[in-house]
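K.L.:
Using only what follows, build the 3D model:
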Amino acid sequence: MFEPVLVFLGFFAAGLWSAAPSVTFGDAGEYAASVATLGLPHAPGYPIYVLMSRALGTFLSAGNWAYRANVFSALCGALALAIFADAAKRAGLSRPARIFAALVLGCCALWRYESAVTEVFALHMLFAAAAVWVVFRFRDKLWGEKPMAAAGLVFGLGMANHQTIVLIFPALAAELCFAAAGAAPALSERDEPVKARFGASERSARAALTTSDFFAEETLRRIFRAAAVFGLFFVLGLCAYIYLPARAAHVPPLDWDQPTTWARFWHMFFRRDYGSFSLTVQGAQARGVHAWALQLARYARYSLRELGWPAAALAVIGTAAWTKLKLRSSLAFPLLILFIAGPFFLMLGNPPFDAQTSSALQRFYLASWMGVALLAGAGVEAVATLLPRRAGSVAAWTLCLCPLLAALGSAGAWNERGDFASYDYGRAILHSLPPGSSLYIDGGDDTFYSLAFLTQAQGLRPDLDIHDRGGLVFANPYGQDFLDLPDNMKETRRDAVESVLARTGRLYYATLNPQLLPGFVLNPAGLLYHPAAKPGGASVDHALWAIYPERWEMSLLQNHYRDRGLVAFYPVMRAAGLAAREKFPQAVTSLEEAWLLASDALWTQKQIVYQLGMIAYDAAQKSLWPQAQSALELARAVYPDDADVLCNLGVAYEHLGQPETAEALYLEAAVKNPDWAEAYYDLGELYWKQKRWKKSAAALAQASRLVPGNATWANFAREAAQRATRAGQK
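P.N.:
This is a model prediction of the structure:
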């Protein structure tokens, strides 16, 4: 028993040491707020996580609620590894082999990260490890009532935490089939004819009798009884979902989907906003076998990066040697865990390959890596048996150093003890809001959740009136029927409610859309916008940037998409304030910083190019062509295929006296987008100025063909053609 205890203590100490001091990016703020207020996070509600984390946080009573939830993750991660190590022991692996298996899991950067932040996946891994333990603990009597009760309860509670626990069930089902096949009574003398017929061992004869014995009346009765026990305890675990409507009836501060009716409850339980059987609403473009191959390659690449080549090689060896090692499960058990919870999950959902989706997917691989770890442990066992006893033991223990050294080398990806970025971001927004003001959040999970934690869990700024424009996370200000309205009517309702509030001067927006509210100008106010009747407020923006805390770990930004995607918001909004004060060069520099920081974020390219275009326009209006050219050159680097950017850059170069460069840019725009009429018009206008009438006529004619309703362009084309004729240009 001391071995699982040592595994638990070692990894729990590592989890405590690396735990984030407060809220982190992603869903952490939402979960921490739900734990603190007994709220309802997003679908499917995660009732077991909320209740268990709340219980530990109440008992711990040290640090803020986010830190307590982080400690809960460290506890769950360590318990999962201790249970997994004990399961590996019961599987028949030697001590160095099972320690290696636990280290492969517990030392990978993703496991360490999920054990240091507020998330549901450490608890998910605890239930997955418990399911593996049940199989190895009761391998010879899986169809017994106690094993079935334990398995049913594990899967029921696991479903009440994270529904992907069902991906472990096929491996359990396979072991149940093998256990049923092996449950035939010992061969007696009456079976000698069968034994003689097959001329082999008792095992071969048993296999021949498997079908009849399996379907014997006694066997069927036992199977039905065991299935009923499993179902009963599974439903008992699922009863945790009663928490959702019971708590929603009391209208907690965080109340996703308000599941107070059967329709809303099932809507939340089946995750219908996200797609019940997929991770994302929109899948990848590829379909069929090609898509499966791409998803398999995605899984293999990331798994190799996290687990390392030594573990992968040993897993292959373990697969080949599993049967010879006579371990206490079939080879199908670890292989099904690996495949169903890993590649099959990706093939089923076929998620797209953008950086945001890929980042969200990573933590879903953890369950499948239990299968990899078991196979790798078997590989260590196989290597040890190939060598003399002492040399084999030394080799096995030496292999255990590989995951430990890898963990030390990747500490920058999982050590969260200095991560204040999300906390500082939420505090910066609160600093931006005057007393008694209202904040309306237009998208952005990190804004929702960091503020939910600070205001609901920490109780900061009770004077503020905070809402999200979706009416989901914070109190819905748009009426009880808002969630049932079609999208166009929702927008009309938003404009009506927010316009009234904007006239009072109390309204602020967290948004990337400076044209969000019709009839109002949105002035930059630090990380926020303040709607007003006319432009202004630059001095307020400048004062806010002077007091913002900005603490983040560069290593975490490099390794985590959500971190760098949010931190890039700082220079983008700083650029908006600088541009409002007509400090165009500084604004361009700030946008370049944002691009270098998070060029893979889904929102950065469009937003940065938009702001650069506005800077170039404002600079051009003041005839500041070098500054316009600088902004557009960066826009070209950010979005090289945008024909509009190329044309505008060409105009800037024309005014800078470089017509050859402008011509090349117009031609490039026409090649990149042959339907972009402005490219041909700008080119025709340039040729007109150079009195190259024939080329001007051809370019203007093409522009007018693309926009047949533009009579002015058609007249210019005819005039250019006539001048070409008079000038004798061919």
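K.L.:
okay, now the domains of this protein?
P.N.:
The record's domain split for the chain, according to automatic domain parsing, is 2-274+284-412, 421-545, 587-727.
K.L.:
I'd like these as JSON lines, with mean pLDDT and distance to residue 572 appended.
P.N.:
The C-beta positions use only the backbone N, C-alpha and C, and glycine is treated the same way. Below are the domains of the chain laid out as JSON lines (pLDDT from 0 to 100; distance: least, CB to CB, whole Å):
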{"stretch": "domain 2-274+284-412", "mean pLDDT": "89", "distance to residue 572": "16"}
{"stretch": "domain 421-545", "mean pLDDT": "91", "distance to residue 572": "8"}
{"stretch": "domain 587-727", "mean pLDDT": "94", "distance to residue 572": "5"}
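K.L.:
Make CSV from these and add distance to residue 564 and mean neighbour count to it.
P.N.:
As requested, the domains of the chain are exported to CSV (distance: least, CB to CB, whole Å; neighbours: other CB atoms under 10 Å):
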stretch, distance to residue 564, mean neighbour count
domain 2-274+284-412, 9, 20
domain 421-545, 10, 18
domain 587-727, 4, 19
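K.L.:
could you dump those domains to JSON lines with distance to residue 562?
P.N.:
Output for those, formatted as JSON lines (distance: least, CB to CB, whole Å):
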{"stretch": "domain 2-274+284-412", "distance to residue 562": "4"}
{"stretch": "domain 421-545", "distance to residue 562": "7"}
{"stretch": "domain 587-727", "distance to residue 562": "9"}
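K.L.:
element containing residue 149, please.
P.N.:
Per DSSP states H and E, residue 149 falls inside helix 145-159.
K.L.:
Have a look at the chain and report its longest helix.
P.N.:
Assignment by DSSP state H gives helix 65-91 as the longest helix of the chain.
K.L.:
right, and the helix or strand after that helix?
P.N.:
Next along from helix 65-91, by DSSP H and E: helix 95-106.
K.L.:
got the angle between that following helix and helix 65-91?
P.N.:
Computed with axes from the mean of the first three to the mean of the last three CA atoms, to 10 degrees, the direction of helix 95-106 lies at 150 degrees from that of helix 65-91.
K.L.:
Which other helices and strands does helix 95-106 contact?
P.N.:
helix 2-18, helix 65-91, helix 368-386, helix 389-399, helix 401-409 (3 or more CB pairs under 8 Å, 6 or more residues apart in numbering; DSSP states H and E).
K.L.:
Compare those helices and give me the one nearest residue 260.
P.N.:
Closest approach to residue 260 among the helices and strands packed on helix 95-106 is made by helix 65-91 (25.2 Å; CB to CB).
K.L.:
Can you give the distance from that closest one to the centre of its chain?
P.N.:
22 Å (CA atoms, centre = their mean, to the nearest Å).
K.L.:
From the contact counts, what lies against that helix?
P.N.:
Looks like helix 65-91 contacts helix 2-18, helix 28-37, helix 47-60, helix 95-106, helix 109-114, helix 121-137, helix 368-386 (3+ CB pairs under 8 Å, 6+ apart).
K.L.:
Tabulate those (CSV), appending distance to residue 576.
P.N.:
Compiled in CSV, these are given as follows (distance: least, CB to CB, whole Å):
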stretch, distance to residue 576
helix 2-18, 36
helix 28-37, 24
helix 47-60, 38
helix 95-106, 44
helix 109-114, 32
helix 121-137, 36
helix 368-386, 43
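K.L.:
and residue 460, which of those is closest to it?
P.N.:
So among the helices and strands packed on helix 65-91, helix 28-37 is nearest, using CB to CB, at 11.8 Å.
K.L.:
Tell me what angle that closest one forms with helix 47-60.
P.N.:
70 degrees.
K.L.:
With just CA atoms, put helix 28-37 into CSV.
P.N.:
Taking Å, rounded to 0.1, in the frame of the first residue of the first chain, the C-alpha atoms of helix 28-37 are listed here in CSV:
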residue,chain,number,x,y,z
ALA,A,28,-11.2,28.6,-14.9
GLY,A,29,-12.9,31.8,-13.8
GLU,A,30,-16.3,30.4,-14.6
TYR,A,31,-15.7,27.2,-12.7
ALA,A,32,-14.2,29.1,-9.7
ALA,A,33,-17.2,31.4,-9.6
SER,A,34,-19.5,28.4,-9.8
VAL,A,35,-17.7,26.7,-6.9
ALA,A,36,-17.8,29.8,-4.8
THR,A,37,-21.5,30.6,-5.4
